[in-house]
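S.K.: fold the following.
(one chain, ligands or ions: 10)
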Amino acid sequence: MRASVIAALHAFAAAGSLLAAQEKPAVPAKGTPAAAPAAADPKPPGPPPKAEYMGTEACGICHEALVKDFKRTRHQALETEKKRGWDGKSCEACHGPGSIHSETTDTAAIVNPAKLQALDENNRCLKCHVNQTARVGRIVSGHAKDQVSCSQCHTVHPKPGQLLFERRKPQINALCGQCHQTVRAAFERPHTHPLSQGAMACTDCHNPHNPTGYAARREAFGSEPVCTNCHSNLRGPFTFEHAPVRLEGCTACHTPHGSVNPKMLTRHQVGTTCLECHSGLAALTGARANAVGAVPPAFHDTRSPRIQACTTCHRKIHGSYVDRSLQR
Ligand code: HEC
Ligand code: HEC
Ligand code: HEC
Ligand code: HEC
Ligand code: HEC
Ligand code: HEC
Ligand code: HEC
Ligand code: HEC
Ligand code: HEC
Ligand code: HEC
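M.R.: Ligands and ions are numbered 1, 2, ... in the order given. Okay, the predicted model is just below:
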């Protein structure tokens, strides 16, 4: 049955002006034009007919170039590996059953993921990719609470030379920078990570496959490894921890995207950074209220520039193995 439909399609396609110039039929016509589409037949009343799976061969009759290029992508595994359940009909794993579209060429009778709501497209892809472990972290969901779809960052039908996904750091940064321009710009500040030099990528710290800001960070919280992946000397555990490093994470004192302040501190002067918590003023509210530190002993004259440079004495500011007051 399917075979005869395919034969008819070949004929239809060969006769047809329907084909884009670059998508010539793969095989010469076999059937007769008379067997061509049912589209013109009067439709019997009743529920719309249900599409069936046609197989990749049928798609290739009209979409020859796409089918050929597809063979070079990793998704070709769907076509060839029986265990995936889509062998011989890989196109329809993402586009849904295509018999009606194949007979009528009606674009409304086939799913184009790029025309779906981001959430619906993402779910289509996540059917197979959810929970996959990737270099950038586990694939949990789409980007930005599903405001951005997979195909805005991945080219499923790459042209020769294009990649299904980008692994080169400068290209990843350019991709992210298209939408996050202010963040990208922060990496041009005087004190920052070497992103613009191509030595680092946004994905060294962020997982793009996670829904919200908090979860999108692969950031150091407590012993979470992101910052300490690279800054391993700060990983600890230390005999004497500096509470906020563990409890609040590195961003309690640093601006990770770059800063005009030395060492990417949140404040221009070290002392001001410290006194936000160590001043005895109960100015902090919310979660940060718990982070208020002790008032320094009286000999700290915090108006004195010597004292304001707190880390000349409290050198092991990220934690110490030997000294409770973080001096050694
Ligand atoms: C008889 C020829 C023919 C066959 C067979 C065929 N298509 Fe198409 N397809 C077309 C034409 C014509 C278009 C419209 C192209 C355009 O507008 O540029 C199209 C468009 C599409 C689109 C884009 C729809 C949109 O809304 O933008 C998708 C996706 C698609 N086809 C997938 C498939 C798949 C999958 C198969 C196999 C199951 C298949 N096609 C079989 C002729 C065919
Ligand atoms: C992994 C999922 C996936 C598979 C498998 C897949 N496609 Fe697509 N296809 C997409 C997505 C996503 C888009 C829309 C974004 C784009 O054009 O890259 C698309 C777009 C298309 C279009 C519209 C192209 C255009 O330029 O407007 C056609 C036609 C098409 N696919 C045909 C096929 C055919 C034929 C196969 C089998 C060889 C196939 N697709 C396999 C996901 C898939
Ligand atoms: C029916 C299952 C299925 C669906 C649906 C699917 N994929 Fe895939 N995808 C695969 C398989 C299988 C591979 C090959 C890599 C592997 O062995 O895991 C793959 C590979 C990839 C890769 C490359 C991974 C690598 O390691 O090279 C990307 C990126 C990708 N898919 C994105 C998508 C996007 C975007 C969509 C939705 C438009 C999608 N996939 C839909 C099964 C699927
Ligand atoms: C905001 C951009 C963005 C969005 C949206 C996005 N990805 Fe990715 N994805 C990336 C980047 C960048 C990489 C490559 C990271 C690397 O390896 O350095 C990647 C890698 C992948 C890989 C390969 C993983 C590996 O390491 O083998 C798969 C599979 C994948 N993405 C699937 C998806 C799916 C499915 C969706 C939609 C639910 C999606 N992606 C949405 C940016 C994105
Ligand atoms: C060194 C690690 C690191 C790198 C590299 C990095 N980020 Fe971030 N990013 C973070 C951390 C940590 C936060 C949370 C900041 C906070 O809580 O104050 C964050 C927050 C964000 C936010 C939400 C808050 C905001 O500032 O808008 C976005 C969006 C973002 N990053 C995008 C990016 C993009 C795009 C890149 C690449 C150009 C990038 N990040 C590179 C660590 C990093
Ligand atoms: C197509 C546009 C687009 C691209 C490309 C893109 N993003 Fe986003 N991203 C968004 C939108 C929209 C949001 C949600 C709004 C917001 O918070 O800025 C978002 C949110 C985020 C957030 C969470 C911010 C928060 O506080 O909730 C992070 C982190 C992030 N993106 C990182 C990245 C990284 C890393 C890349 C590159 C791999 C990237 N984005 C590429 C559009 C994009
Ligand atoms: C309580 C505030 C605070 C927290 C939290 C904090 N830092 Fe720092 N960090 C500093 C100060 C202050 C300096 C500057 C030290 C100086 O004056 O030399 C600094 C300097 C650095 C430097 C520069 C190299 C050096 O040792 O001088 C790196 C790298 C660094 N911090 C990484 C991190 C990482 C990674 C985390 C999270 C695990 C973190 N910091 C958490 C206050 C903090
Ligand atoms: C992929 C590796 C990597 C990751 C992840 C990383 N860093 Fe860095 N960090 C570096 C490198 C490399 C430098 C040195 C930059 C230079 O000297 O040009 C640096 C420098 C710094 C400095 C000192 C800047 C200065 O002016 O001396 C601070 C502070 C810092 N990082 C904090 C962080 C924080 C906080 C995080 C997590 C949000 C983090 N880093 C994650 C690689 C990394
Ligand atoms: C985000 C809030 C915060 C910031 C910023 C901060 N601290 Fe702390 N610090 C704490 C908390 C909380 C403790 C533990 C409670 C206490 O003070 O006993 C602590 C403890 C200490 C201790 C004593 C260690 C102990 O356990 O008795 C010293 C010394 C110290 N901080 C110095 C500094 C210096 C110097 C800076 C600036 C580089 C700084 N702190 C920045 C919150 C902070
Ligand atoms: C000249 C060196 C020096 C400078 C500069 C300095 N401190 Fe101290 N700090 C000390 C000494 C010494 C102690 C007492 C340690 C002890 O009791 O064992 C101390 C104790 C502390 C303690 C209490 C630690 C504890 O064990 O309870 C805090 C908090 C503290 N300093 C914060 C700061 C802050 C914030 C700054 C910058 C505004 C700063 N210090 C600058 C030398 C210094």
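S.K.: residues contacting whichever residue of the stretch 51-200 of the chain sits closest to ligand 9?
M.R.: With C-beta to the nearest ligand atom as the measure, residue 191 is the residue of the stretch 51-200 of the chain nearest to ligand 9, at 15.8 Å. C-betas here are computed from N, CA, C, even on glycine. Each residue near residue 191 by C-beta atoms under 8 Å, 6 or more residues apart in numbering is listed here: 258, 259, 260, 261, 262, 263, 264.
S.K.: which residue, other than its chain neighbours, is closest to the residue nearest in space to the middle of the chain?
M.R.: Averaging the C-alpha coordinates of the chain gives a centre point, and the residue nearest to it by C-alpha atoms, centre = their mean is residue 208 (2.7 Å). By the measure of C-beta to C-beta, 6 or more residues apart in numbering, the closest residue to residue 208 outside its immediate chain neighbours is residue 143, 5.3 Å from it.
S.K.: what is the burial count for the one you found?
M.R.: Other residues within reach of residue 143, judged by other C-beta atoms under 10 Å, total 21.
S.K.: cool, residue 127 as well?
M.R.: 10.
S.K.: is ligand 4 within reach of whichever strand or helix holds residue 79?
M.R.: Counting by DSSP states H and E, the element that carries residue 79 is helix 76-80. No. No part of helix 76-80 sits close enough to ligand 4 to count as contact by C-beta under 6 Å from any ligand atom; the gap is at least 11.9 Å.
S.K.: how about the residues of the chain near ligand 5?
M.R.: With C-beta under 6 Å from any ligand atom as the criterion, the chain meets ligand 5 at residues 173, 176-177, 180, 183-184, 187, 193, 195, 200, 202, 204-206, 213, 217, 219, 251, 256-257.
S.K.: before we move on, back to that, for residue 228, see how far away the residue of the stretch 51-200 of the chain closest to ligand 9 is.
M.R.: Taking C-beta to C-beta, to the nearest Å as the measure, residue 191 falls 20 Å from residue 228.
S.K.: which is the succeeding secondary structure element to the least confident helix or strand in the chain by mean pLDDT?
M.R.: Of all the helices and strands that make up the chain, helix 213-216 has the lowest average by mean pLDDT, DSSP states H and E, namely a mean of 49. Using DSSP H and E, the helix or strand that directly follows helix 213-216 along the chain is helix 226-230.
S.K.: that following helix near ligand 6 anywhere?
M.R.: No. Between helix 226-230 and ligand 6, judged by C-beta under 6 Å from any ligand atom, nothing touches; the nearest distance is 11.9 Å.
S.K.: quick one: buried residues of that helix?
M.R.: 226, 227, 228 (16 or more other C-beta atoms under 10 Å).
S.K.: I'd assumed residue 234 was in contact with the last one.
M.R.: Yes. Under the criterion of C-beta atoms under 8 Å, residue 228 lies in contact with residue 234, with a separation of 5.6 Å.
S.K.: give me the distance between residue 163 and residue 70.
M.R.: Taken as C-beta to C-beta, the spacing of residue 163 relative to residue 70 amounts to 14 Å.
S.K.: these two: who's more crowded?
M.R.: Neighbour tally, residue 163 and residue 70, criterion other C-beta under 10 Å: the higher count belongs to residue 70, 21 against 12.
S.K.: what sits against that one?
M.R.: With contacts defined as C-beta under 8 Å, 6+ apart, residue 70 is in contact with 76, 79, 90, 91, 157.
S.K.: for the closest residue in space to residue 158 that isn't next to it in sequence, the count of nearby residues, please.
M.R.: Among residues not flanking residue 158 along the chain, residue 164 sits closest, at 5.9 Å (C-beta to C-beta, 6+ apart). Residue 164 is flanked by 13 other residues according to other C-beta under 10 Å.
S.K.: touching, residue 164 and residue 153? I think so.
M.R.: No. If you go by C-beta under 8 Å, residue 164 and residue 153 don't touch, sitting 10.5 Å apart.
S.K.: near ligand 10, which residues of the stretch 151-300 of the chain show up?
M.R.: For the stretch 151-300 of the chain, the residues in contact with ligand 10 under the definition C-beta under 6 Å from any ligand atom are 271, 274, 275, 278, 293, 294, 296, 297, 300.
S.K.: now for the first one, how many residues are close by?
M.R.: A total of 20 residues lie near residue 271 under the criterion other C-beta under 10 Å.
S.K.: are we agreed that it is in a helix?
M.R.: Yes. Assignment of residue 271 by DSSP: H, G, I helix; E, B strand; the rest coil places it within a helix.
S.K.: so what's the residue of the stretch 101-250 of the chain found nearest ligand 10 up against?
M.R.: Distances from the stretch 101-250 of the chain to ligand 10, computed as C-beta to the nearest ligand atom, single out residue 240 as the nearest residue at 9.0 Å. Residues in contact with residue 240 (C-beta under 8 Å, 6+ apart) are 319, 320, 321, 322, 323, 324, 326.
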